[in-house]
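*Asks:* Just a sequence and a predicted model for now, questions to come.
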There are 2 protein chains.
Amino acid sequence: MTSQMPAAQSPWVRVADAPSRIGQIIEVRGWLTHRRSSGKVQFLMLRDGSGVIQCVAGINDLTPAEWENCALLTQESAVVVRGALRADARSPGGVELGLSALRVVSVAEAYPISPKEHGVDFLMDHRHLWLRSARQQSILRIRAEVIAAFRDFMDGEGFVLVDAPVFTPNACEGTTTLFETSYFDEKAYLTQSGQLYEEAAAMAFGRVYCFGPAFRAEKSKTRRHLIEFWMMEPEWAFATLEDVIGLEERLLVTTVARVLDRRAADLSVLERNVSKLENVKAPFPRIHYTEAVERIRAAGLPFEWGNDLGSPDETALSSQFDRPVFVTNYPAAVKAFYMESDPSDARLSLSCDCLAPEGYGEIIGGGQRMESLERLTRRIEEHGLPQQAFEWYKDLRRFGSVPHAGFGIGVERTLAWIAGLDHVRESIPFPRMLNRLHP
Amino acid sequence: MTSQMPAAQSPWVRVADAPSRIGQIIEVRGWLTHRRSSGKVQFLMLRDGSGVIQCVAGINDLTPAEWENCALLTQESAVVVRGALRADARSPGGVELGLSALRVVSVAEAYPISPKEHGVDFLMDHRHLWLRSARQQSILRIRAEVIAAFRDFMDGEGFVLVDAPVFTPNACEGTTTLFETSYFDEKAYLTQSGQLYEEAAAMAFGRVYCFGPAFRAEKSKTRRHLIEFWMMEPEWAFATLEDVIGLEERLLVTTVARVLDRRAADLSVLERNVSKLENVKAPFPRIHYTEAVERIRAAGLPFEWGNDLGSPDETALSSQFDRPVFVTNYPAAVKAFYMESDPSDARLSLSCDCLAPEGYGEIIGGGQRMESLERLTRRIEEHGLPQQAFEWYKDLRRFGSVPHAGFGIGVERTLAWIAGLDHVRESIPFPRMLNRLHP
């Protein structure tokens, strides 16, 4: 079946780089997506992971053996081809390869994923193959762009990457949503947030962020929940709630603009309405919690002042805006123990969530952290948490305490919004959900 | 104690950016590292996470209250100061701040870490504070630079970031070094490598990498072992062992050059012998396993052909070179089941490890992956592994199998070498080791 490529060497060119090679003899290595033949001419569509290219061979362009091999090529068969690259406005990418040699690397068995509709379970069971589809590739290319945009933005703002640990020693806020494992003679828990560690790092570096996986053993089966997800968490010393809201705004504006600029083709594959993304410009609206309550009620949803916003509330609220919206000053009772009190209303906290528009809901949670050792100690007690477990964290208030603030932004929820996905399950290469640990 | 800053606003400038502000009135926010006073003049050394700056105040430059507050400032106390920035060649950073206002944010309790020697356990117990020391900051800044260099290099080579999952369903290669957790009604294991997933992704994108934490429940207590460590794993379709060795070489040359260029001050803090790093230029020596065995024996170590290299062997070998060295074609029996056979000697594999010089040992492991479904199936059987667990992985050989290769590079070991550390425990912000899960 396989035949050696003739000795003459041509450069291996990726499809994405082909437009700069017009007029040259090049080699392409890829997989067949479609093939048609007129009897005298073969049209092979190849994907190589960087793009798709049309290859054309007349019966006299190839050896008889090569020509016969074409007929054996099934979807996803792997080939190495050589040919002259020419401009062709009708072809994808604006180029076409006129083949002069074709080597079959492997002939694929009957490929299980076809253009017809498949159930989600079937596709998820075949996630290792489903990744090859144009839609999944576009989503994951945008994912990589979003992550690079996040990192480049933070580095540009002078924040230092300081990785937080995954294994944590305490199950301070209850074990119901924590994954536990034996850690030699101890118990360890998988991180849900690196924030406390980033606060320590912020007192060393001033501006830091971590970026890694986090884990929540929630039995939620919604379009917004993953068991394993990626999160970036900046923390900023000598900064206030106001400072981090500005930072979040710049982060989102920069990220969306970069995706619009660099991943336009992928957004097009996803049929994303980019005019919605083009709205994402500063300033974003800022709504006090109390105003949010009024807006949720006005939208016809029952809501009691003092409660946390649920998904339907966030959807109702974020649907009212054409860009992300900040909801500030949540009741202290619905936020974590470390959130700073609102000096203008003791019931409230210096917190802020950012809700993505088009009903996507919360993508960022953040706020100013408690500065005073005395207030923090009292808060830990009020929450029924063990002081001992937080002595190291309280050290940050004993030795050089300063106002500081930070936030966590979820990669998958942000991507789901930017890419316009119905469900977060497509926003990560190998999703882990309730009942989904494979492949 | 605290007093409001006078209303006149000056820009908040980070110490690292101060040299561009000479002649201006600026505000600096930071922590006291040293203070001395002549009775009429206060010298305050402040760190703000971006650098250290000397501040000077004469008794008439401050209000009487501000002047008195200076005397209360202990190490790590937090202040906001304002003053005129002037050039001063004798000061760190070449600038000095002539204070005109000083606000005390917090006075620190007696700081537990002093310049005197502390035991490792004490420092590790205080890792949240130890991060503030100049040495730890320099190490972790180099860490962030290494990680950014890795990512930028891979992106530049056309590799797409495709995150591998942390939760994996099978304990195929034995559970002795795996962390296990309950995953609803199943068992899940924490990843030791994303490679199998990256192979799937490589067949979609051609060139991919993952970058995340990995976990090994090894009871090893050596200077090279962490329980939780970070790893980057590129995988490349249509590539051979030779291709990835070239890629690894370019990656290391680029990374070391970038650290030398951008983190020279940090290398200097660590008193790193940079001439050793300046040697890191292509080509790196390449040694066949059999030659490695001969060299290890010649160095006086007992070694039987067919065994894997242990740490002492790697140290002996890597000490013989002034730059990283590739050891190729290890016996198949000491490598994982998925490693491609060496066509020139069936006992060997198309594998390659990269050993860092100066005795640091293995930092990269990689090779070409098994291409044929038949051989892979047989190999899984020979290793006593369950075929069923690998059906999805075998799909990659059923549908468009191609030669492919990849590697994994450990962040902490690479950093330990570049930064010249005695022990990997300082190479990660919050190390997790045997008996070390806190803070």
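*Replies:* Yep, it's here. Residues are numbered from 1 along each chain as shown, chains lettered A, B, ... in the order given.

*Asks:* switch to C-alpha atoms for all contacts and neighbour counts from now on
*Replies:* Noted.

*Asks:* How far does stretch A:23-33 sit from its chain's centre?
*Replies:* Here stretch A:23-33 is found 31 Å from its chain centre; the criterion is C-alpha atoms, centre = their mean, to the nearest Å.

*Asks:* So for it, mean pLDDT?
*Replies:* Averaging pLDDT along stretch A:23-33 yields 97.

*Asks:* Pull the distance from the helix or strand residue A:375 falls within to the chain's centre.
*Replies:* In this structure, residue A:375 sits in helix A:373-382 according to DSSP states H and E. Remark: helix A:373-382 is offset 36 Å from the chain centroid, using C-alpha atoms, centre = their mean.

*Asks:* would residue A:122 count as being in a helix?
*Replies:* Yes - according to DSSP: H, G, I helix; E, B strand; the rest coil, residue A:122 belongs to a helix.

*Asks:* In terms of pLDDT, where does it sit?
*Replies:* Note for residue A:122: predicted pLDDT of 97.

*Asks:* Surely residue A:296 is in contact with residue A:313?
*Replies:* Yes - using C-alpha atoms under 8 Å, residue A:296 makes contact with residue A:313 at a distance of 6.2 Å.

*Asks:* So which bits of the stretch 151-300 of chain A are right by chain B?
*Replies:* Proximity of the stretch 151-300 of chain A to chain B, by C-alpha under 8 Å from any C-alpha of the partner chain, involves residues A:160-169, A:179-184, A:188, A:197, A:200-207, A:212-213, A:217, A:228, A:238.

*Asks:* Which of those fall in helices?
*Replies:* Here DSSP state H is the test, and these give A:197, A:200-205 as lying in helices.

*Asks:* How about the stretch 101-250 of chain A: which residue is closest to chain B?
*Replies:* Relative to chain B, the nearest point of the stretch 101-250 of chain A is residue A:205 (3.6 Å; C-alpha to the nearest C-alpha).

*Asks:* what residues are up against that residue?
*Replies:* A:160, B:48-50, B:132, B:137 (C-alpha atoms under 8 Å, 6 or more residues apart in numbering or on different chains).

*Asks:* make it 7 Å
*Replies:* Contact analysis of residue A:205 by C-alpha atoms under 7 Å, 6 or more residues apart in numbering or on different chains lists B:48-50.

*Asks:* which outside residues touch stretch A:317-327?
*Replies:* Here stretch A:317-327 has contacts from A:279-280, A:284-289, A:295-296, A:352-359, A:361, using C-alpha under 7 Å, 6+ apart.

*Asks:* Burial check on the nearest residue to residue A:288 once chain neighbours are set aside, number of neighbours?
*Replies:* In space, and not counting its chain neighbours, residue A:288 is closest to residue A:328: 4.9 Å by C-alpha to C-alpha, 6 or more residues apart in numbering or on different chains. Residues within reach of residue A:328, counting by other C-alpha atoms under 10 Å in any protein chain shown, total 24.

*Asks:* pLDDT wise, what is residue A:328 at?
*Replies:* Looking at residue A:328, its pLDDT reads 98.

*Asks:* Would you mind confirming that it makes contact with residue A:352?
*Replies:* Yes - look at residue A:328 against residue A:352 with C-alpha atoms under 7 Å: they come within range, at 4.2 Å.

*Asks:* Looking at the contacts of residue A:205, which one is closest to chain A?
*Replies:* Looking across the contacts of residue A:205 and measuring by C-alpha to the nearest C-alpha, the closest to chain A is residue B:49, at 3.6 Å.

*Asks:* how many neighbours does the closest one have?
*Replies:* Close neighbours of residue B:49, defined as other C-alpha under 10 Å, add up to 27.

*Asks:* how much space between it and residue A:200?
*Replies:* Separation of residue B:49 from residue A:200 (C-alpha to C-alpha, to the nearest Å) stands at 12 Å.

*Asks:* Below-threshold pLDDT in the stretch 101-250 of chain A: ranges please.
*Replies:* The stretch 101-250 of chain A contains residues with pLDDT under 70 at A:173-174.

*Asks:* just the strands in it please.
*Replies:* For the stretch 101-250 of chain A, the strands defined by DSSP state E, counting those that start in this stretch cover A:160-161, A:167-168, A:180-183, A:186-190, A:207-215, A:228-237.

*Asks:* and what of the stretch 251-400 of chain A?
*Replies:* Going by DSSP E, counting those that start in this stretch, the stretch 251-400 of chain A shows strands at A:286-288, A:325-328, A:341-342, A:345-349, A:351-356, A:361-368.

*Asks:* Out of the ones you listed, indicate the one that is most buried.
*Replies:* Of all the strands of the stretch 251-400 of chain A, strand A:351-356 has the most neighbours on average by mean count of other C-alpha atoms under 10 Å in any protein chain shown, namely a mean of 27.

*Asks:* Name the residues that touch stretch A:35-55?
*Replies:* Contact with stretch A:35-55 is made by A:14-16, A:29-34, A:56-59, A:91-93, A:96-99, B:204-206, as judged by C-alpha under 7 Å, 6+ apart.

*Asks:* got JSON lines for the ones in helices among the residues of the stretch 151-300 of chain A next to chain B, with distance to residue B:65 too?
*Replies:* Below are these laid out as JSON lines (distance: C-alpha to C-alpha, whole Å):
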{"residue": "A:197", "distance to residue B:65": "35"}
{"residue": "A:200", "distance to residue B:65": "31"}
{"residue": "A:201", "distance to residue B:65": "32"}
{"residue": "A:202", "distance to residue B:65": "29"}
{"residue": "A:203", "distance to residue B:65": "26"}
{"residue": "A:204", "distance to residue B:65": "28"}
{"residue": "A:205", "distance to residue B:65": "29"}
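
*Asks:* ok, and for stretch A:268-278, which residues are buried?
*Replies:* By neighbour count on 16 or more other C-alpha atoms under 10 Å in any protein chain shown, the buried set for stretch A:268-278 is A:270, A:272, A:277.

*Asks:* Name the surrounding residues that touch it.
*Replies:* In contact with stretch A:268-278 (C-alpha under 7 Å, 6+ apart) are residues A:135, A:138, A:256, A:419-420.

*Asks:* Quick check: end-to-end length of it?
*Replies:* Criterion C-alpha to C-alpha; first-to-last residue distance in stretch A:268-278 is 14 Å.

*Asks:* same check, this time on stretch A:48-57
*Replies:* Stretch A:48-57 stretches 19 Å from its first residue to its last (C-alpha to C-alpha).

*Asks:* which residue packs closest to residue A:437, ignoring adjacent ones?
*Replies:* That would be residue B:169: by C-alpha to C-alpha, 6+ apart, it lies 6.0 Å from residue A:437.
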